[in-house]
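S.K.: here you go, sequence then predicted model.
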Amino acid sequence: MNTPKNNPSTSSRELLLAAQEGDLAAQEALLELHLPSLRAFVRLRSDPALRARESATDILQSTCREVLQHLDQLEYRSEAALRGWLHTVTLNKIREKRRYHFAERRRPDCEVDDAQLSQLVGAYGALESPSQGIMQAELIERMEQAFDQLSPDHREVITLSRIARLSQAEIATRMDRNVESVRKLLARALVKLSALLDG
């Protein structure tokens, strides 16, 4: 299937329509298009206890299955709306896995391969100044440790803004705030994150 490479919204729209018609290649391509940001979202929104019990890959695989099961219910409105829906499904899956593991005390493998590390660095790069030049593994470790120290509101506003790339108006709706308070919250959260990384 040929889709425009330079226009993600057109690509997502066409992929979604084809995926809804049962095109397996389109389903795979649609998921692959959004996988890097979803993987970063999973790792940053999972707390240390969950990361110790469930790999990001397992959560993503479960998320992708659920996305595919509900594709027929989705109407493409915009790229941001699609990203918002995907990240909502992912967040719900994180919460479901947390409930499951705290009840069952399971311990799946938590290994991350080199390709996944590269994807995480690419997504985490939206939160980090390139001039700091942190090596891949160190960047991932430091970013996740810093996120673990942020408040829930700070984690939420940063991941929705920088990872899910939602507008401040969309974030305001999701967080039940006004746009100005989201703008201020995001600014404070990024200052706090920067301080934790620098420290």
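M.R.: Now that the structure is in, tell me what you want to look at.

S.K.: how much space between Ser181 and Lys192?
M.R.: 16 Å (CB to CB, to the nearest Å). C-beta coordinates here come from the backbone N, C-alpha and C atoms, glycine included.

S.K.: how about Leu15?
M.R.: Distance from Leu15 to Lys192, by CB to CB: 37 Å.

S.K.: more neighbours, these two?
M.R.: In this view Leu15 and Lys192 are compared by other CB atoms under 10 Å, and Leu15 has more residues nearby, 26 against 16.

S.K.: ok, which stretches of this structure are helices?
M.R.: 8-20, 24-45, 48-51, 56-69, 79-104, 114-124, 136-149, 152-158, 168-175, 179-198 (DSSP state H).

S.K.: which of these comes out lowest on mean pLDDT?
M.R.: Among those, helix 114-124 has the lowest mean pLDDT, at a mean of 64.

S.K.: contacts only, for the residue nearest in space to the middle of the chain.
M.R.: Centroid check for the chain by CA atoms, centre = their mean gives Phe41 as the closest residue, at 2.5 Å. Going by CB atoms under 8 Å, 6 or more residues apart in numbering, Phe41 touches His87, Thr90, Leu91, Thr159, Ile163, Ala164.

S.K.: contacts only, for the first one.
M.R.: If a contact means CB under 8 Å, 6+ apart, then His87 has Ser37, Leu38, Phe41, Thr159, Leu160, Ile163, Ala164, Leu166 as its contacts.

S.K.: hmm, 10 Å instead?
M.R.: Residues in contact with His87 (CB atoms under 10 Å, 6 or more residues apart in numbering) are 34, 37-38, 41-42, 45, 63, 159-160, 163-166, 174.

S.K.: what's the answer for the last one, then?
M.R.: If you count contacts by CB under 10 Å, 6+ apart, Ala164 has them with 34, 37-38, 40-41, 80, 83-84, 86-88, 90-91, 158, 170-171, 174.

S.K.: I'd say Arg142 and Gln149 touch.
M.R.: No - counting by CB atoms under 10 Å, Arg142 sits too far from Gln149 to count as a contact (11.0 Å).

S.K.: done for today, thanks.
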